[in-house]
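1. no sequence for this one, just the structure:
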């Protein structure tokens, strides 16, 4: 077998070629881009001359251990207990399958077998990468990344990533990295509000875009290193909470999967690659319409009782909602945020006729019924904590800090998982619940498990979380599951594969939410983006926007309503009913069509274009001056559409106006915004 052996994986529109390095026992990237890009000299080839670093340090390696790559960043740091760190391996074998590749390297001295795994995803332009580590000796793993990704650049690399904090998640952020290291991640036991485990890379201002996304619900990092030879190398993986993972002889550790994507059409094209991948993850669940939701939280807070909830449900049904969700406050001891968590039984004082009859009353209105839960959290005053104080994370001899007046259950324990599964099965079996909102508001602090010896607590918690979700999917396949973590704190592909929708942010203020959703749609699909219409101005942003703006913005994903409908005028409720009816007519286009981001929230007009078969839906939003002249006096603003057929004609179903595709591509749709008209939903039919 020669050192120049090459393997090419092909997706629908792209190819990814790996070769064995001529310089040593490792695999390196040969080509990645549009189909056929592998035919020709590699853009990552180099002189193979180095000064003061090893050849491995300069190579575009797919994965290398510390030892072979000692200076410029390795993916794996391993050692036997009490011995020096480092691994020096040999190439063992390659195994090719239909759309898959496995490259095996061995270190007989250390006692470690490393398999680099690749798999294409049918119908998408995504390649999944991960690593399997098998030991024959007692080993300590201090770093165990999933993969490294190499991208050739001619100058500074343009990094696009999603940043924020609670209530400001998914803000699109850009950085030009010419030399040095950029890193982001989370140590909060979840992806967190600060950064999303997603990164896009471009060669400066070049159009083509490369992207990665880590499938992991716990601690993580993504690190990009601009290297001397004109390339960017990105390492990504999980971060053990304990700093090290122990392997015993015969153990195999599988790292999280890293999804890798390419588009020649820039960030917008890359977003469509991710959307298509997430539609693939949904499988048959994609074909179930996402129902119009009403959630009572912003109307009632913890003040939950049957009469008040039923009053809201009647109003929600009248405007066309299809699902009523009772949020926090429905269970015993939950008059505020200081108690109740863990004791998941309906409060008999709030539902004097019984919870079952209450659910029946909601369903008699023609509404499905949903319920909020936070199964990982426990209140110190709860019966559960009194019975099982050992179930919470704690460190012997140290005080247990309260965050949000609660503690966190150790979901890595099988008995805790069984309790959560039993609780959810009991609720879903006893009551006619078709929607479950799983929240996680509390990150782990004193993360220990006294008396149980060394444990990979972060990985075990993730495995427990996914075990519960997998049980829900198998045992209750018709229940819609929403993922939430104080808003967008736990959104990544492992969660998205097992839920139906996710909650991007607790901030529903119109203009803030527009920025959140703009960033979110770069990485995630419209059919998973739960978005509510709430009262404006909101509690987080005083800038007002019309009811139309709030509805059009929410229609960009999965429509929900969270306002206090009792305070709305009859005119507002009538307008809401019209918007909900319009949404129902186009939601299949929004959720299954190709989405194109038009402009940004910094522009005077921005929006999203959705295309499915012969229909184009445009959600247009006026973000600038609302005096009717955002550009020039007397001239409407225009939103240019993309990827239409220039010679075809498109009819606006509301006005009857017909446009040529060329007109919509060159000039765009006209919008004359005013204080009373700052958003519109346009439906075009191709003639």
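-> Happy to help now that I have it. Keep in mind the model is a prediction, meaning the values are calculated, not measured.
2. Please make it C-alpha for all contacts and neighbour counts, starting now.
-> Noted.
3. residues making contact with the helix or strand encompassing residue 7?
-> Taking DSSP states H and E as the criterion, residue 7 maps to strand 6-10. With contact meaning CA atoms under 8 Å, 6 or more residues apart in numbering, strand 6-10 is reached by 15-20, 35, 99-101, 120.
4. can you name the two of those that are farthest apart?
-> The span of the contacts of strand 6-10, defined through CA to CA, is set by 20 and 35 at 20.7 Å.
5. Show me which of those two is the more surrounded one.
-> Legend: neighbour count by other CA atoms under 10 Å for residue 20 and residue 35, higher for residue 20 (23 against 15).
6. what residues are up against the closest residue to the more buried one other than its chain neighbours?
-> Of all residues not flanking residue 20 in the chain, residue 27 sits nearest, at 4.5 Å (CA to CA, 6 or more residues apart in numbering). For residue 27, the contacting residues are 18-21, 61-63, by CA under 8 Å, 6+ apart.
7. at 6 Å instead, please
-> Counting by CA atoms under 6 Å, 6 or more residues apart in numbering, residue 27 makes contact with 19-21, 61-62.
8. Any chance of a markdown table for these, columns secondary structure?
-> Output for the contacts of residue 27, formatted as a markdown table (DSSP: H, G, I helix; E, B strand; the rest coil):
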| residue | secondary structure |
| --- | --- |
| 19 | strand |
| 20 | strand |
| 21 | coil |
| 61 | strand |
| 62 | coil |
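9. could I get those as TSV with pLDDT and distance to residue 128?
-> As requested, the contacts of residue 27 are exported to TSV (pLDDT from 0 to 100; distance: CA to CA, whole Å):
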residue	pLDDT	distance to residue 128
19	97	17
20	97	19
21	95	21
61	96	17
62	98	13
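10. mind listing which of the contacts of strand 6-10 are in strands?
-> 15-20, 100-101, 120 (DSSP state E).
11. of those residues, closest to residue 477?
-> Once CA to CA is applied, the member of the ones in strands among the contacts of strand 6-10 that ends up nearest residue 477 is residue 120, at 26.8 Å.
12. From residue 8, how far out is the nearest residue to that closest one once chain neighbours are set aside?
-> Distances taken as CA to CA, 6+ apart put residue 127 closest to residue 120, at 4.5 Å, once the chain neighbours are dropped. As judged by CA to CA, to the nearest Å, residue 127 and residue 8 stand 12 Å apart.
13. neighbour-wise, which of those two wins?
-> residue 127 (25 against 17).
14. what ranges of the protein fall below the confidence cut-off?
-> 1-3, 229, 538, 625-634 (pLDDT under 70).
15. can you give me the helices in it?
-> 55-58, 266-282, 297-300, 306-319, 355-364, 383-387, 414-430, 457-475, 493-496, 510-523, 547-555, 570-592, 661-666 (DSSP state H).
16. packing partners for the second one?
-> Applying 3 or more CA pairs under 6 Å, 6 or more residues apart in numbering; DSSP states H and E, we find helix 266-282 packed against no helix or strand.
17. Run the chain-centre distance for that helix.
-> 12 Å (CA atoms, centre = their mean, to the nearest Å).
18. and the angle for that helix with helix 510-523?
-> 80 degrees (axes from the mean of the first three to the mean of the last three CA atoms, to 10 degrees).
19. Give me the contacts around helix 266-282.
-> 124, 207-209, 263, 497, 522-525.
20. Residue 141: which of the helices of the chain is closest?
-> Nearest to residue 141, of the helices of the chain and by CA to CA, is helix 457-475 at 13.6 Å.
21. Give me the contacts around that closest one.
-> Contacts of helix 457-475 (CA under 6 Å, 6+ apart): 217, 241, 411-412.
22. picking that back up, just the buried ones out of the ones in strands among the contacts of strand 6-10, please.
-> Buried by 16 or more other CA atoms under 10 Å: 15-20, 100-101, 120, out of these.
23. can I get the contacts of helix 457-475 in JSON lines with neighbour count and distance to residue 225?
-> What follows is the contacts of helix 457-475, written out as JSON lines (neighbours: other CA atoms under 10 Å; distance: CA to CA, whole Å):
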{"residue": "217", "neighbour count": "27", "distance to residue 225": "24"}
{"residue": "241", "neighbour count": "20", "distance to residue 225": "23"}
{"residue": "411", "neighbour count": "28", "distance to residue 225": "35"}
{"residue": "412", "neighbour count": "23", "distance to residue 225": "34"}
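24. For these, could you give me a markdown table that also reports distance to residue 157?
-> Formatted as a markdown table, the contacts of helix 457-475 follow (distance: CA to CA, whole Å):
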| residue | distance to residue 157 |
| --- | --- |
| 217 | 28 |
| 241 | 31 |
| 411 | 40 |
| 412 | 39 |
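25. nearest to residue 165, of those residues?
-> residue 217 (17.4 Å).
26. give me the number of residues near the closest residue to the closest one other than its chain neighbours?
-> Leaving aside its sequence neighbours, residue 217 sits nearest to residue 190 (CA to CA, 6+ apart; 5.2 Å). Neighbour count of residue 190, defined by other CA under 10 Å: 25.
27. Quick check: residue 190 vs residue 79, distance?
-> 28 Å.
28. and what of residue 650?
-> 65 Å.
29. before we move on, what about residue 57?
-> 20 Å.
30. What of residue 648?
-> Residue 648 is 64 Å from residue 79, where distance means CA to CA.
31. ok, the two, which is more surrounded?
-> residue 79 (21 against 12).
32. Who are the contact partners of that one?
-> With CA under 6 Å, 6+ apart, residue 79 has these contacts: 85, 139-140.
33. from the residues you listed, which is closest to residue 320?
-> Nearest member of those to residue 320, counting by CA to CA, is residue 140, at 57.7 Å.
34. Correct me if wrong: the closest one contacts residue 246.
-> Yes. Between residue 140 and residue 246 there is a contact at 4.8 Å, judged by CA atoms under 6 Å.
35. Residues in a beta bridge with the closest residue to residue 104 other than its chain neighbours, which ones?
-> In this structure, residue 104 finds its nearest non-sequential neighbour in residue 115, 4.4 Å apart by CA to CA, 6+ apart. Note on residue 115: beta-bridge partners residue 104, residue 132, judged by DSSP bridges.
36. Next, count neighbours for residue 115.
-> For residue 115, the count of nearby residues is 22 (other CA under 10 Å).
37. And it, how close does it get to residue 66?
-> Counting by CA to CA - residue 115 and residue 66 are separated by 16 Å.
38. One more: residue 127?
-> For residue 127 relative to residue 66 (CA to CA), the value is 25 Å.
39. With residue 566 instead?
-> 63 Å.
40. neighbour count winner among the two?
-> More crowded of residue 566 and residue 66, by other CA under 10 Å: residue 66, with 20 against 13.
41. wait, that one sits on residue 74?
-> Yes. Under the criterion of CA under 6 Å, residue 66 makes contact with residue 74 at 5.3 Å.
42. so what's residue 608 up against?
-> 596-598, 618-619.
43. one more time with 8 Å
-> Counting by CA under 8 Å, 6+ apart, residue 608 has contacts 556, 595-598, 618-620.
44. And it, how far from residue 164?
-> Residue 608 is 22 Å from residue 164, by CA to CA.
45. same deal with residue 125?
-> 28 Å.
46. Looking at those two, which has the bigger crowd around it?
-> A count of neighbours by other CA under 10 Å puts residue 125 above the other of residue 125 and residue 164, at 25 against 18.
47. Was I right to think that one contacts residue 33?
-> No. Using CA atoms under 8 Å, residue 125 is not in contact with residue 33, being 10.1 Å away.
48. measure residue 335 to residue 72 for me?
-> In terms of CA to CA, residue 335 sits 55 Å off from residue 72.
49. neighbour-wise, which of these two wins?
-> For residue 335 versus residue 72, the count of surrounding residues by other CA under 10 Å is larger for residue 335: 17 against 14.
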